[in-house]
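K.L.:
fold the following and give me the result.
(chains A, B and C, ligands or ions: 4)
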Amino acid sequence: MKLRNGLPLLGGFLGALAAGSTWADYRWNFPDPATPLAADTLHVHNLFMLIITVIFVAVFAIMAYSMFVHRKSRGHEPATFTGPRSRVQWLWALVPFAILLFIDYIIFGIPAYHAVLTDADSRNGAQMVVKVTGLQWKWQYEYPEEGIKFVSAMSTPREQINNQAPKGENYLLEVDNPLVIPVGKKIRFITTSTDVIHSWWVPAFGVKRDAVPGFLREFWVRVDRPGVYRGQCAELCGKDHAFMPVVVHAVPEAEYLQWVGAQKTAMTAQADSAGREWTQAELMEKGKAVYEANCASCHQPGGEGIPGAFPALAGNKMMKAPALDPAGRLVRGGHLDRVMNGAPNTAMTAYKDVLNDAEIAAVVTYERNALGNKTGDLVQPAQVKALRGSKT
Amino acid sequence: MSHDTPHDALPTGMKRWLYTTNHKDIGTMYLVFALIMLLTGGAMILAVRAELFQPGLQLMQPDLFNQLITLHGLVMVFGAAMPAATGLANWMLPMMLGAPDMALPRLNNWSFWILPPAALLLVTPFILGLAGVGTGAVDTGWTMYAPLSIQTGWGMDFAIFSVHMLGASSILASINVIVTILNMRAPGMTLMKMPMFAWGFLMTATLLIIIMPVLAGGVTMVLMDRHFGTHFFNAAGGGDPVLWEHIFWFMGHPEVYVLLLPIAGAIPHVLSAFARKPIYGYKAQVYSLWAITFLSVVVWAHHMFTSGMSVGGQLYFMYSTMLISLPLAVLFFCWIATLWRGAMSFEAPMLFALGFVTLFGWGGLTGLVLADAAADAQYHNAYFLVAHFHYALYPTTVMGVMAAVYFWLPKWTGHMYNERLAKVHFWVAFVGMNLTFLPQFFVGLAGMPRRIPDYALQFAEFNMLSSVGSLILGVSHLIFIYVVIQCVRGGAKAESRAWEGANGLEWTLSSPPPYHSFDVQPVVR
Amino acid sequence: MSETQAHYYVPHHSHYSALLSAGVFLLALGFILRLNGMPPGVWSMLTGFGVMLFVLFRWFGMVISESVGDLYHRWEDRSFRWGMAWFIFSEVMFFAAFFGALYYLRVIAAPELASFDPAYTPYPNFTGAWPSSGPKGDPFTPMAAWGIPAINTLILLSSGVTVTWAHWGLLKGRRAQLVAGLAMTVALGLLFLGLQAYEYHEAYTELGLTLKAGAYGATFFMLTGFHGFHVTLGTIMLIVILLRSMKGHFSAENHFGFEAVAWYWHFVDVVWLLLFVFVYWL
Ligand code: HEA
Ligand code: HEA
Ligand code: CUA
Ligand SMILES: [Cu+2]
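P.N.:
Numbers count the residues shown, from 1 in each chain, chains lettered A, B, ... in the order given. Ligands and ions are numbered 1, 2, ... in the order given. Got it, this is the predicted structure:
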């Protein structure tokens, strides 16, 4: 048996290391780093892997040698020693100890120390802020300085997941609204969550930070080269944890500003539209889109829900009861209240901070007039807007 | 006077097993229970690996997937690994220490009998869920992070009470072990003369008594948050989800050493027997076990580097975690020095012991890499981590236990097992293990998160390999079962000292040993 | 030491364990069903509880008769002592979890929640001052230390004195002192429980201090509640020991049962002191 124990492992890992540093394809090692932090971690990681591989080989070469030479079938007579006795033996016993201390606290310890400090330095010299909020199961991005805010959900069609359609190139790693950031700028990210713990992870950035409900966490990113970077939620957050990708477009400054401009125009248009009267058709069309992006993952595309876990909206009593009382006030525990304020301690979170007035009005109208429901009521964006001012 | 009841008055048949307070019978029940749980947990993960064989959802929806991985983790750790070690302790401690039985035999009986209902509680909602009743089993991952565990369905309530019972069982079993070791040793056997295995389990038992009550308190808080309106883990009420992470890992980290230490105690016996040479560095190993025990309760937050800890916290937990490599290196060197210049032969127990040392060596070394707080951002909750802990857990709780089982099987049954088949078992397991978990390092580094039922296309090839490997692993267990059944049924007669190089009191008893291990305590010089 | 005793009492079989576990299972199952909106769970709970009571009664009865029948000697006695000591240690760790939670929420989580950048946090007005029911919690009045809690401290401290006094009586062979001391201890325990019940009533009706009162309410009731539960158990055990003392089960040499309960009682006592300091006072 001798060397057979060590060889396959060893071969695999040396192969992996070689692959990591020479192949462009990086499918066995970290992706190409795009930020200083990622470069740092890749470097440290390669160093670590090399050292532990060497230790592994060295230690087990000794063992393999012994297994080969000191075997009964070769007639080796067993020795009887039991422990380090003489001073020389103790010295020998302590040498590996010293080597280990050196490796742990000097070779590993010092770069790790610097990396931890750099990693934590999210505020100094930060040029902009992005707030990331985890929701089941999508990300909301907010640029407080620009007043931009949107939700980013996976765009891979269900048919691909259920093997009814061929899988696309970026299967599971594509979203409807990617995060857009400028290259070369130090960006301070703040994470939080509205329901359970999520974790925002982009491997090429070398960052992974939990999003803890009610608490804020920070990290920073400075992307050096433009590109599209992909990642995933890295903390089990319920049913669709696997379908909560992160996509970041890092673009040159000018392009970024252009994008910001376009977003702002769109937002003003939306704010204006909240004031006007919407037709049923308009509300239904928008409502369908909002529903499919935000609600269908739990309540299902047809509104049938998942028994035991997520209530059906189709034929739901709540859809028949009024959402607003005659004076235009919210009905407590009613349809609109559930959507805006959620149900505590359940997966149904408050959507008033996630969706804008028109979206809430549209999705509620949609739910009341589709999915097997037919009340004929409309909820107007202006009505939702009015509710926001009043205390809920 | 140990014959307080004549033997022929003992109940027979079912009742013998149901009522027994005999350490050997209880040990057997523990081991059989652990094997059943290994198969259950293994069957669950085989379903998972089948789903992960290729991208896309083929066999199950995500909610079922989450239940399966969660149950796999809980069943393997609390149902298979810990009871297996306790079974070994029950069988071997009285024989190794020269005692008639465990110190508290009735309690021993009870600590076993808590396990089956606890396991039943864990899987009941799963089965009901399959039948369309209720919301299914706990699906939060074995870490049960709040607030997901507050939000999820009734499976969590079942898990909470199951954890309470499992905890009670291991606390009672630990008390029994500690009392037995402290009070039942043969005259002349000082603590520093007792077998390594007793030391390993003494440390494990101590750890369990420290950590299990804390977990019990923690899940009680989850229960309160779920049903009685408290806000332990809810920021709106001044609670903190991260509090749960601290509680869980205060248990969870030492728990991995709970699994390791009994095996670290048993392996030297095997190595020494087949190297035909005394254990090297007994004292150094005992001190290392102490050091590991102590360190293991002060490093828990290395599982939480990405939760947003202060810089001071990160540095402390990183450096203290690295410290554990020192006592473990001592153990490794002592094990290797035990082999050095011996006269080795490679029967199945030895193969498994060497397999444990090698594979766990790699698992431990990758643990050292994970300890780096900054780079951990890349490893955490990625498959690299899954690979690390299976390289630590599988060699320990499966290979290590197998080494011990094959080593003592002749003693227990009075028969030699089929050596050829046992060697085949080892090689199949060895190949299967590496094929399953080695590729997981690579997909992990490339960015595949854990706990996902479906993955991006670039991870496909390695996952396929890994799934094939798990099937091979499954086959290895079937061989094992065959060998054990064959050996219980019959085979070459085993001598008292079944192995040429074996040492210790247990080998002075006949094979199989008498009902009461030592009616008269032997005197150790 | 063990050299002098060549034999150890090894009981042979016991059908109680499996039965006890079945009881525990039914109790847990029933409770789970009850919690999830299935009222018939109560019947399962009651059955389970009944089975447990029955088994405990019989089990302890058996142990007591073995003890009285002189089957236990110094070797066995040492096992029991070690066993009880480690059991109490496990209880210490159980309370440690709750004290740890209190420490964490008060010293780490509350200030942290208050420390976030007001521009981004959902709770910009939260100050993190303790006692706290959190940023969205309802107002409440915390429990003052120097009323009932202080009296309860005195009660528990004196009960520690009375068990010790009873122990002296036992050691000196004065059964009257033993019984009187135990009776006083039981009375003090009951008094404590009564006062605590009154305190809870006040908290709920007048102070707005409930389980739902955020981090403070949660930790307050968790710690004092579990302590109260332990006092209840301790009192029941003391009553049993009192009855056994009256029957003359204990001698100056052989009274492990008494000592185990006394240890337990002291443990409950010490936990209360910590509680008084960290929950009520500071
Ligand atoms: C038996 C189980 C077991 C064991 C023994 C270990 C041992 C170790 N583990 Fe592991 N670990 C787990 C089981 C185990 N682990 C599990 C289950 C998880 C994940 C849980 C979850 O998230 O679900 C985990 C997760 C985990 C993490 C968290 C990562 C993350 O979540 O991001 C970390 C981080 O520090 C870590 C580190 C270590 C270290 C430093 C050791 C050390 O003890 C290792 C020491 C050993 C050696 C160093 C090798 C042996 C020595 C030699 C070969 C001699 C020569 C050595 C040198 C010269 C260096 N482990
Ligand atoms: C001691 C602990 C232990 C052991 C032994 C194992 C053993 C195995 N584990 Fe486990 N594993 C964990 C503890 C353990 N695991 C933990 C704690 C987690 C984390 C859970 C979480 O995320 O919360 C985990 C998670 C985990 C994952 C990650 C899931 C995910 O994140 O999505 C995977 C994936 O491959 C995996 C695979 C395996 C495999 C293939 C084995 C194999 O070794 C299993 C081999 C055994 C068999 C294959 C059974 C053989 C039986 C048959 C073939 C017959 C079946 C028939 C009958 C039942 C009659 N495990
Ligand atoms: Cu969000 Cu996982
Ligand atoms: Cu750990």
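
K.L.:
residues from the stretch 1-150 of chain B in reach of ligand 2?
P.N.:
By the rule C-beta under 6 Å from any ligand atom, the part of the stretch 1-150 of chain B lying against ligand 2 is B:39-40, B:42-43, B:45-46, B:48-49, B:69-70, B:72-73, B:76-77, B:81, B:141-143. C-beta here means a position set from N, CA and C on the backbone, and glycine is covered the same way.

K.L.:
got the domain boundaries for chain A?
P.N.:
Split into domains by automatic domain parsing, chain A comes to A:1-8+A:30-68+A:84-120, A:128-271, A:276-387.

K.L.:
how about the longest one and chain C, any contact?
P.N.:
In this case it means domain A:128-271. Yes: for domain A:128-271, a contact with chain C is found by C-beta under 8 Å from any C-beta of the partner chain, at A:129, A:131, A:144, A:190, A:192, A:214, A:215, A:216.

K.L.:
make sure the third one is actually in contact with residue A:131.
P.N.:
Yes: in this structure, residue A:144 is within contact of residue A:131 by C-beta atoms under 8 Å, at 6.3 Å.

K.L.:
what do the two both touch?
P.N.:
Jointly contacting residue A:144 and residue A:131 under the rule C-beta atoms under 8 Å, 6 or more residues apart in numbering or on different chains are residue C:120.

K.L.:
so for the two, which residue has more residues nearby?
P.N.:
Just comparing residue A:144 and residue A:131: by other C-beta atoms under 10 Å in any protein chain shown the higher neighbour count belongs to residue A:131, 18 against 14.

K.L.:
how far away is the spatially closest residue to that one that is not a sequence neighbour from ligand 1?
P.N.:
In space, and not counting its chain neighbours, residue A:131 is closest to residue A:142: 4.2 Å by C-beta to C-beta, 6 or more residues apart in numbering or on different chains. Using C-beta to the nearest ligand atom, to the nearest Å, residue A:142 is found at 28 Å from ligand 1.

K.L.:
might one say that residue A:142 is in contact with residue A:152?
P.N.:
No: the pair residue A:142 / residue A:152 is not scored as a contact, 11.1 Å apart, by C-beta under 8 Å.

K.L.:
the helices in the stretch 1-150 of chain A, which residues?
P.N.:
With DSSP state H, counting those that start in this stretch as the criterion, the stretch 1-150 of chain A has helices at A:7-22, A:36-69, A:87-102, A:109-120.

K.L.:
now do the contacts for residue 81.
P.N.:
Just so you know, I chose chain A. Residue A:81 touches B:280, B:341, counting by C-beta under 8 Å, 6+ apart.

K.L.:
wait, chain C was what I had in mind.
P.N.:
So residue C:81 contacts C:256, C:259, C:260 (C-beta under 8 Å, 6+ apart).

K.L.:
just want the most central residue of the chain.
P.N.:
Here I'm looking at chain A. The centroid of chain A falls nearest to residue A:233 when counting by C-alpha atoms, centre = their mean (2.6 Å).

K.L.:
the intended chain is chain B.
P.N.:
residue B:81 (2.7 Å).

K.L.:
can you check the pLDDT for residue C:226?
P.N.:
At residue C:226, the model reports a pLDDT of 95.

K.L.:
which ones among the residues of the stretch 1-150 of chain B next to ligand 2 map onto helices?
P.N.:
B:39, B:40, B:42, B:43, B:45, B:46, B:48, B:49, B:69, B:70, B:72, B:73 (DSSP state H).

K.L.:
just the buried ones out of the residues you listed, please.
P.N.:
Listed as buried from those are B:39, B:40, B:42, B:45, B:46, B:48, B:49, B:69, B:70, B:72, B:73; burial here means 16 or more other C-beta atoms under 10 Å in any protein chain shown.

K.L.:
the last one reaches residue B:142, doesn't it?
P.N.:
So the one you mean is residue B:73. Yes: if you go by C-beta under 8 Å, residue B:73 and residue B:142 touch, sitting 3.2 Å apart.

K.L.:
any idea how chain C splits into domains?
P.N.:
Following automatic domain parsing, chain C resolves into domains at C:15-70, C:72-281.

K.L.:
dump those into CSV; add distance to residue A:362 as well.
P.N.:
Shown next, in CSV, are the domains of chain C (distance: least, C-beta to C-beta, whole Å):
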stretch, distance to residue A:362
domain C:15-70, 34
domain C:72-281, 25
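
K.L.:
which one of those domains lies nearest to residue B:208?
P.N.:
Closest approach to residue B:208 among the domains of chain C (C-beta to C-beta): domain C:72-281, 8.8 Å.

K.L.:
just the buried residues from the contacts of residue C:81, in PyMOL please.
P.N.:
Restricted to buried positions by 16+ other C-beta under 10 Å, the PyMOL selection for the contacts of residue C:81 reads:
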select buried, chain C and resi 256+259+260
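
K.L.:
lovely, talk soon.
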